[in-house]
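J.: Next one to model:
(2 chains)
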Amino acid sequence: MTLLVKESAASTQEKAPKIRGKVRLREHLMGWVFVGPFWLVFLALLIAPLAYALYLSLWQKKLIGGTSFVFLGNYVKAFTDPTFLSGVWFVVRFSLVAIPLQILVALAMALIVDAVTSLFTRFSRLMIFLPYAIPTVIGAVMWGFLYSKSFGPLTDIFGLFGAPAPDFFSKNLIFYGLVNVVTWQWAGYYMIILYAALQGIDPTLYEAARMDGAGKWQIALRIKIPLIAPALLLILVFSLIGTLQFFNEPQILRYLAAGTIAPGFTPNMYAYQQAFGLANFNYGSAISFALGGVVFVCVYAFLFFTRKRRSFF
Amino acid sequence: MTGSSRAGARRRAQRHLPLQIFLGFLVVYFLVPFWWVIVNSSKDAPGLFGGSNTLWFAGEIDYIGNLQRLFTYDGGIYGRWILNSTLYAFAGGIGATILAVMAGYGFAKYRFAGRRFSFSVLLGALMVPATALVIPTFMMFSGLGLTNTIWAVILPSLLNPFGVYLMHVYARDAVPDEILDAARVDGAGELRTFLQVAFPLMRPAVVTVLLLSAVASWNNYFLPLAMLSDNRLFPVTVGLGLWQGIASANNSGSTSLWSLIILGALVSVIPLVIAFFTLQRHWRGGLSVGGLR
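T.: Have a look, this model is predicted:
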């Protein structure tokens, strides 16, 4: 309500209301009636927690002497904390491997499903999308079974070749075990988005290219992929934001991979441990905020390098 | 005419045989976990750990017995978790959709003061890591005495900036200003214009946003894990995570719990799979809007 009043007050100061004032005022008012409810939720559940987290992160709780203002002390601590830094290093490395892999798989599938229309490809499209309907936690639980030595199939399959089964819960292979879970979970979703973009391309372009002597591969590489670049970029940005916040899968597999996945394995797990395991909410907030900063820098750097800032917004 | 084009399509499909075989391998990969869960939820504990073929049924197929054990274990807590998840998904999904539809329409169709500014704040919010909000939201809610209640899970899932963005794009393109003006000239009020003229035109995107928000609430793990301590309020994701933790911690003593977890995972995905298959037509149309821009 206060917002509404403030905004309509501000509107009177707006320059040159060319249309009659009464109509304009009504439009301002109705606009805020529609946007207002969302805006209230937005303020209460996004802006307020962010501000509160920022506030919390500037204080430190000591065993003796209570809470004291340390300004950026928690951030200095975070960026010199080896656990936090190794977590950040892990999610950055993980993003660099997992995201290109997911998108390549999704792109290949989308191109096939787009180029070949048969009953089988339509069936495949649905089946490949299926993992998206599965909660990430359940997906991790399912792969945990498959990786398990006591009831997973890996021992049998590798036994056929007389080889020992790989242990995806070991320190060396957990990285790839997690890459596999994430790829399984998300590639189908990305495929559907890319497929929708491919279906939006005007087919006469392909005719024209074929007339000019372009083959199937050339059409795919020179026409289809450049034309769905905006969709690719959107996927990349969203998967980057999601992957840097990696939490559910390692948190679930932590129980099975005892000793391999430490509580501070990813920055988000570290923040969770600090806040809810050690009741250290100040430092937990600082880690969350520092991670937010890392996400922002990574996304901005990515958009800068692709020089597509304008087309995204 | 149809005969020859059909033959042509067939020829083309055959020419693409290597691609289809490649696709076939991928389909197998995506289905293996489902297959494993379907097969192994039919087994009892000895069958599960007996070292027989893990990708095929054991001698005895006992879905009914396992289902009974699943829904009666610990006073039927699993059924409660499923109901909780359903409640959170519906309440959060419907609430978030109503807010997103109204806001998206408002942003698309009214030139009000503060519109540009608030829309760019919204776009910036798309980049805020959702999990960064969990800790401070928990602190705020604990001050208000809301933690460990259903509101602690439902209220935060009302926030869906991406839904607003999607509705904005859709309303901008699918609802012509001329139709709205015509309705106004005919004497319909703003709310009536919205409900009876604009809303039907926005329906495909509404279904998409509803489905995406409901799925997001159903899948949520970090938020309820942090907010709830009473396991009778858990959604099924947190509940199964809890069981898995218990089962892994005392590996030998809880073999029967493992078969419950496997069947529990299978049962928990069935509602969403059905929802996705039956509403396919709707969400595919809506997703293309979000993806193209």
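J.: does the residue of the stretch 201-313 of chain A found nearest chain B sit in a helix, a strand or a coil?
T.: As assessed by CB to the nearest CB, chain B sits closest to residue A:255 within the stretch 201-313 of chain A, at 3.9 Å. The C-beta positions use only the backbone N, C-alpha and C, and glycine is treated the same way. Following DSSP: H, G, I helix; E, B strand; the rest coil, we place residue A:255 in the coil state.
J.: Buried residues of the helix or strand hosting residue B:207, list them for me.
T.: In this structure, residue B:207 sits in helix B:203-219 according to DSSP states H and E. Neighbour counts using 16 or more other CB atoms under 10 Å in any protein chain shown place B:204-219 of helix B:203-219 among the buried residues.
J.: Break the chain down into its structural domains.
T.: Just going to use chain A. A:2-57, A:73-312 (automatic domain parsing).
J.: I was after chain B.
T.: Per automatic domain parsing, the structural domains of chain B span B:2-64, B:71-292.
J.: Contact partners for residue B:121?
T.: For residue B:121, the contact set (CB atoms under 8 Å, 6 or more residues apart in numbering or on different chains) is empty.
J.: State the number of residues packed around the closest residue to residue B:37 other than its chain neighbours.
T.: In space, and not counting its chain neighbours, residue B:37 is closest to residue B:266: 4.9 Å by CB to CB, 6 or more residues apart in numbering or on different chains. Under the neighbour criterion other CB atoms under 10 Å in any protein chain shown, residue B:266 is assigned a count of 21.
J.: same check, this time on the one 3 residues further on
T.: Using other CB under 10 Å, residue B:269 has 22 other residues around it.
J.: How about it, nearest residue that isn't a chain neighbour?
T.: Spatial nearest neighbour of residue B:269, chain neighbours left out: residue A:134 (5.1 Å); criterion: CB to CB, 6+ apart.
J.: Check whether the one you found really touches residue A:186, as I assumed.
T.: No. The pair residue A:134 / residue A:186 is not scored as a contact, 11.0 Å apart, by CB atoms under 8 Å.
J.: follow-up on the earlier one: give me the packing partners of the helix holding residue B:207, helices and strands only.
T.: Helices and strands touching helix B:203-219, by 3 or more CB pairs under 8 Å, 6 or more residues apart in numbering or on different chains; DSSP states H and E, are helix B:77-109, helix B:161-174, helix B:255-278, helix B:280-292.
J.: Confirm for me that residue B:242 is in contact with residue B:231.
T.: Yes. Assessed by CB under 8 Å, residue B:242 is found in contact with residue B:231 at 6.6 Å.
J.: Work out which residue lies at the spatial centre of chain A.
T.: Closest residue to the average C-alpha location of chain A: residue A:242 at 1.7 Å, with CA atoms, centre = their mean.
J.: For that one, give me phi and psi.
T.: Main-chain dihedrals, residue A:242, degrees, to the nearest 10: phi -70, psi -40.
J.: so what pLDDT did it get?
T.: Listed pLDDT for residue A:242 reads 86.
J.: Likewise for residue B:13?
T.: According to the model, residue B:13 scores 50 on pLDDT.
J.: mean confidence score for the strand or helix carrying residue A:191?
T.: Per DSSP H and E: residue A:191 is located in helix A:174-199. The average pLDDT within helix A:174-199 is 90.
J.: List the buried residues in that helix.
T.: Quick answer for helix A:174-199 (16+ other CB under 10 Å): A:174, A:177-198.
J.: same deal with stretch A:285-298?
T.: Buried residues in stretch A:285-298, counted by 16+ other CB under 10 Å: A:285-292, A:294-296, A:298.
J.: How about the contacts made by the residue positioned nearest the centre of chain B?
T.: Centroid check for chain B by CA atoms, centre = their mean gives residue B:215 as the closest residue, at 1.3 Å. Residues in contact with residue B:215 (CB under 8 Å, 6+ apart) are A:133, B:89, B:93, B:272.
J.: ChimeraX command to pick out the buried ones of those?
T.: Buried members of the contacts of residue B:215, defined by 16+ other CB under 10 Å, are picked up in ChimeraX with:
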select /A:133 /B:89,93,272
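J.: Show me the two of the contacts of residue B:215 that sit farthest apart.
T.: Farthest pair in those (CB to CB) is A:133 and B:93. Separation: 14.3 Å.
J.: give the contact list for the residue nearest to residue B:269.
T.: Taking CB under 8 Å, 6+ apart as the contact definition, residue A:134 lies against A:142, A:185, B:269, B:272.
J.: So, low pLDDT: which residues of the stretch 201-313 of chain A?
T.: Scanning the stretch 201-313 of chain A for pLDDT under 70 picks out the ranges A:307-313.
J.: Show me which residues of it are close to chain B?
T.: Along the stretch 201-313 of chain A, the residues adjacent to chain B under the rule CB under 8 Å from any CB of the partner chain are A:230-231, A:234-235, A:241, A:244-245, A:247-248, A:251-252, A:255-256, A:258, A:268, A:271-272, A:275-276, A:281, A:284-285, A:288-289, A:291-292, A:295-296, A:299, A:313.
J.: which among those residues end up buried?
T.: A:231, A:234-235, A:241, A:244-245, A:247-248, A:251-252, A:255-256, A:268, A:271-272, A:275-276, A:281, A:284-285, A:288-289, A:291-292, A:295-296, A:299.
J.: and residue A:141, how many neighbours does it have?
T.: Residues near residue A:141, counting by other CB under 10 Å, number 28.
J.: Can you point out the buried residues in stretch B:195-204?
T.: Going by neighbour count (16+ other CB under 10 Å), the buried part of stretch B:195-204 is B:197-199, B:201-202, B:204.
J.: Sorry, slip of the keys, the one I care about is stretch A:204-222.
T.: Within stretch A:204-222, the residues that count as buried by 16+ other CB under 10 Å are A:206, A:209, A:214, A:219-220.
J.: low-scoring stretches of the stretch 151-293 of chain B, by residue?
T.: Filtered on pLDDT under 70, the stretch 151-293 of chain B yields the residue ranges B:250-255, B:283-293.
J.: hang on, the earlier thing: could you list which of the buried ones among the residues of the stretch 201-313 of chain A next to chain B belong to helices?
T.: The helices, defined by DSSP state H, take in A:231, A:234-235, A:241, A:244, A:248, A:251-252, A:268, A:271-272, A:281, A:284-285, A:288-289, A:291-292, A:295-296, A:299 from these.
J.: for residue A:245, what are its contacts?
T.: A:91, A:268, A:291, A:295, B:129-132.
J.: For residue B:183, see how far away it is.
T.: As judged by CB to CB, to the nearest Å, residue A:245 and residue B:183 stand 44 Å apart.
J.: Residue A:113 now?
T.: Taken as CB to CB, the span from residue A:113 to residue B:183 is 41 Å.
J.: contacting residues around stretch A:54-72?
T.: A:73-75, A:280-283, A:285-286, A:288-289, B:136, B:139.
J.: buried stuff in it?
T.: A:56-60, A:70.
J.: chain center to that stretch, what's the gap?
T.: 31 Å (CA atoms, centre = their mean, to the nearest Å).
J.: I'd like the average pLDDT over it.
T.: In the prediction, stretch A:54-72 has an average pLDDT of 78.
J.: about what we covered before: state the distance from the closest residue to the residue of the stretch 201-313 of chain A closest to chain B other than its chain neighbours to residue B:66.
T.: Nearest non-adjacent residue to residue A:255, counting by CB to CB, 6+ apart: residue B:248, 3.9 Å away. Distance of residue B:248 to residue B:66, given as CB to CB: 20 Å.
J.: show me what contacts the closest residue to residue B:212 other than its chain neighbours?
T.: The shortest distance from residue B:212 to any non-neighbouring residue, by CB to CB, 6+ apart, is to residue B:163 (6.8 Å). By CB under 8 Å, 6+ apart, the contact list for residue B:163 reads B:96-97, B:100, B:104, B:209, B:212-213.
J.: same thing but 7 Å
T.: With contact taken as CB atoms under 7 Å, 6 or more residues apart in numbering or on different chains, residue B:163 is in contact with B:96-97, B:100, B:209, B:212-213.
J.: and which of the residues you listed is nearest residue B:155?
T.: For the contacts of residue B:163, the nearest to residue B:155 is residue B:96 (10.6 Å; CB to CB).
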